[in-house]
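J.: predicted coordinates and the sequence they were generated for:
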Amino acid sequence: DGGITQSPKYLFRKEGQNVTLSCEQNLNHDAMYWYRQDPGQGLRLIYYSQIVNDFQKGDIAEGYSVSREKKESFPLTVTSAQKNPTAFYLCASREGGRSEQYFGPGTRLTVT
Amino acid sequence: AQKITQTQPGMFVQEKEAVTLDCTYDTSDQSYGLFWYKQPSSGEMIFLIYQGSYDEQNATEGRYSLNFQKARKSANLVISASQLGDSAMYFCAMREGDTGFQKLVFGTGTRLLVSP
């Protein structure tokens, strides 16, 4: 089955620690995205990547970093510089030439 | 900047009835796209339907249809014959960018509750 996987589903960290969220897709999509969702809110774009080895900041990139070494993978690192990291994180991908983005199941990160 | 407004925080509908979820948008672009996504309690965002700004016909996908009124800048989602499994959050989104990079701007969502 083709799709997007994110792991883990729930993640707990202590304040001051960096944490990496995994996102893998086997849809052969070129573009990949990371969004953040806070309670009662819509999604906000953190980072996006259109091709391997290229990525751009979204609206709320401060305190986050990404890499895109493989087409299938787009991991997101939440650094200790992110002031309010507790949130629900969603990864998405999009086929070139199409408009709709397809989402993974999300990772709920709690930092205490 | 583009903006999506969903003014209904919550909607209630009885099973088998139709329901309309409102969405208005603001953009100065001539070319744009509008989407609806469903988010059940599990959290995953499920793509429902897409309407391009140049599409003359309203988009339909099964029980979902998008009532696109360009002059009023509205893109309402109509769900016909509601089912209990339709209970979820629904988000309207707009595509920024035409070719190459495309970013989605989301509204704050409407929670739909379908009762038996």
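T.: Arrived safely.
J.: give me the residue ranges of the chain where confidence is low.
T.: Unless you meant another one, I'm taking chain A. A:1 (pLDDT under 70).
J.: nope, chain B
T.: Screening chain B residue by residue with the criterion pLDDT under 70, one finds the ranges B:97-100.
J.: and it, which residues reach chain A?
T.: Contact residues, chain B versus chain A (CB under 8 Å from any CB of the partner chain): B:4, B:33, B:35, B:37, B:42-47, B:50, B:52, B:91, B:93, B:95, B:100-104, B:106-109. C-beta coordinates here come from the backbone N, C-alpha and C atoms, glycine included.
J.: let me see the ranges of the strands in the chain.
T.: Looking at chain A here, since you left the chain open. Counting by DSSP state E, chain A forms strands over residues A:4-7, A:10-13, A:19-25, A:31-37, A:43-51, A:54-57, A:64-66, A:76-78, A:87-94, A:102-103, A:107-111, given from the N-terminal end onward.
J.: that's the other chain; I wanted chain B
T.: Secondary structure of chain B (DSSP E): strands located at B:3-5, B:10-14, B:19-21, B:24-26, B:33-39, B:46-52, B:60-61, B:64-69, B:74-79, B:88-96, B:103-106, B:110-115.
J.: tell me what the nearest residue to A:G42 once chain neighbours are set aside is bridged to.
T.: By the measure of CB to CB, 6 or more residues apart in numbering or on different chains, the closest residue to A:G42 outside its immediate chain neighbours is B:F106, 3.2 Å from it. In this entry, B:F106 is beta-bridged to B:A93, by DSSP bridges.
J.: give the contact list for B:F106.
T.: With CB atoms under 8 Å, 6 or more residues apart in numbering or on different chains as the criterion, the residues that contact B:F106 are A:G42, A:L43, A:R44, B:I4, B:F91, B:C92, B:A93.
J.: one step back: out of the strands of chain B, which is closest to A:K9?
T.: Nearest to A:K9 among the strands of chain B is strand B:33-39; the distance by CB to CB comes to 15.1 Å.
J.: okay, now A:R108: neighbour count?
T.: Look at A:R108: counted by other CB atoms under 10 Å in any protein chain shown, it has 15 neighbours.
J.: distance check, it against B:S31.
T.: Going from A:R108 to B:S31 by CB to CB, to the nearest Å gives 35 Å.
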